[in-house]
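Predicted coordinates and the sequence they were generated for:
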Amino acid sequence: ADALFEVTDALLCTDGPVRSLVDLVLAPEHRRGHGGMYDGLNCGRVDVARLRRSLAGLPVPRAADGRIVLAVDVSPWLRSDAQTSPDRLFCHVYGRGKGQAQLIPGWPYSFVAALEAGRTSWTAILDAVRLGPTDDAATVTADQLRAVVQRLIAAGHHAPGDPRILIVCDAGYDIPRLAFLLADLPVDLLGRLRSDRVMALPPPPRLPGTTGRPPKHGPELALADPDTWPAPQTVTTTQTARYGTATATAWDRVHPRLTRRTCWLDHHGDLPIIEGTLIRLQVDHLPGDRHPKPVWLWTSITAATAADVDRNWQSYLRRFDLEHTFRLLKQTLGWTR
């Protein structure tokens, strides 16, 4: 136990990135030999549940309105040369050039972090779970988020009447399914949609004297086809120093048309209608891009006000702070080695 504690101490206190396990033995904080280090790693034990409770008990950063904003994302620990490492998966890794993405063997980890407010790139990591070869990403993420939120509530960070916790995801997550799985918690989901998605509008009001089964879905709204867009319920404009004028256009009660496939194959009863607010964010320019494409967001909030729309897209921009955390863990600290 003492050897494992000193390895952890050396990991936190060593100067520069960690390049190998043996280098930790040379740190002043580690007072035992090579054998003690390996014995500590092989026979030591970390109380992960207690560590998670301790992290949840620390002060949690909040937005300007006192709301807790959580970000969830997956980052791989690459293990391309470790052929004997168990449960490796092919991890999607972006290259430096356009179209240079590759698949490299490694361990994908799902991270949940609380986002800071304002101009900062720091986040508060609250949980990390390794995804296995047979895991369903949506189910694992929902279970992970549920556990994090319950620990925050138990630690006194959220009480009845407080603003609902906002969970921000990037593209690649099934946001409506996460909203369905976490519907009993005081949370709102926000995530980015692919620009080729087709959503459904609410059905029109039923006319008197109409017979037959009422429709569940209204007309289709294709994100790539402006001719299918109805008049929006909310339009806001914000002047930003980095992106110029940011225009947010929102449609209420937009939902996906679910079918009995993939994760909904074994669903009992009628398929749910998961309504939310669709947001189209258009900015004048991006760093290095004078003609940026719009960003499509979907949030589980319905009847969203103009303040809700602005808060959601601004919270989504804060999600990129988690990318700086990944770079800190991998490049600055070297913890993937």
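Looks like it came in fine.

Okay, strands next: where are they in the stretch 101-250 of the chain?
102-115, 123-130, 165-169, 187-193, 198-200, 220-222, 234-240, 244-254 (DSSP state E, counting those that start in this stretch).

Buried deepest among those strands, which one?
Highest mean neighbour count of the strands of the stretch 101-250 of the chain: strand 165-169, a mean of 25 (counted as mean count of other C-beta atoms under 10 Å). C-beta: built from backbone N, CA, C; applies to glycine.

how about Thr325, secondary structure?
Classification of Thr325 by DSSP: H, G, I helix; E, B strand; the rest coil places it in helix.

Next, the contact list for it, please.
For Thr325, the contact set (C-beta atoms under 8 Å, 6 or more residues apart in numbering) comprises 111, 113, 121-123, 125.

Apart from its chain neighbours, what residue comes closest to Pro206?
Check again: residue 206 is Arg, not Pro. Closest residue to Arg206 apart from its sequence neighbours, by C-beta to C-beta, 6 or more residues apart in numbering: Pro214 at 5.6 Å.

Quick one: list the elements packing against the helix or strand harbouring Ser315.
Assessed by DSSP states H and E, Ser315 sits inside helix 306-318. If you count contacts as 3 or more C-beta pairs under 8 Å, 6 or more residues apart in numbering; DSSP states H and E, helix 306-318 packs onto strand 69-78, strand 165-169, strand 187-193, strand 234-240, strand 244-254, strand 276-283, strand 295-299.

any idea how far Ala147 is from Ala124?
16 Å (C-beta to C-beta, to the nearest Å).

sorry, that was for Gly57
Applying C-beta to C-beta, the value for Gly57 to Ala124 is 12 Å.

quick one: low-confidence parts of the stretch 1-150 of the chain?
95-99 (pLDDT under 70).

show me where it has helices.
Taking DSSP state H, counting those that start in this stretch, the helices of the stretch 1-150 of the chain run over residues 2-13, 21-25, 34-43, 48-57, 137-154.

Distance from the helix holding Ser315 to the middle of the chain?
Per C-alpha atoms, centre = their mean, to the nearest Å, the displacement of helix 306-318 from the mean C-alpha position of its chain is 15 Å.

Can you check what angle separates that helix from strand 244-254?
Between helix 306-318 and strand 244-254, the angle comes out at 110 degrees (axes from the mean of the first three to the mean of the last three C-alpha atoms, to 10 degrees).

Residues touching helix 306-318, excluding its own?
The contact list for helix 306-318 (C-beta under 8 Å, 6+ apart) reads 63, 65, 69, 71, 115-117, 166, 168, 190, 192, 234, 236, 238, 246, 248, 250, 277, 279, 281, 295, 297, 299, 301, 304.

what do you get if the cut-off is 7 Å, keeping everything else the same?
Helix 306-318 has contacts (C-beta atoms under 7 Å, 6 or more residues apart in numbering) with 69, 115, 166, 168, 190, 192, 234, 236, 238, 248, 250, 279, 281, 297, 299, 301.

of all the residues you listed, which comes closest to Thr262?
Relative to Thr262, the closest of these is Arg192; by C-beta to C-beta it sits at 19.8 Å.

Contacts only, for the closest one.
Applying C-beta under 7 Å, 6+ apart, the residues near Arg192 are 170-171, 295-297, 316.

mind putting the residues you listed in JSON lines, neighbour count, pLDDT and distance to Arg53 included?
Shown next, in JSON lines, are those (neighbours: other C-beta atoms under 10 Å; pLDDT from 0 to 100; distance: C-beta to C-beta, whole Å):
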{"residue": "Asp170", "neighbour count": "17", "pLDDT": "90", "distance to Arg53": "28"}
{"residue": "Ala171", "neighbour count": "13", "pLDDT": "88", "distance to Arg53": "32"}
{"residue": "Val295", "neighbour count": "18", "pLDDT": "96", "distance to Arg53": "36"}
{"residue": "Trp296", "neighbour count": "20", "pLDDT": "97", "distance to Arg53": "37"}
{"residue": "Leu297", "neighbour count": "24", "pLDDT": "98", "distance to Arg53": "33"}
{"residue": "Tyr316", "neighbour count": "23", "pLDDT": "95", "distance to Arg53": "29"}
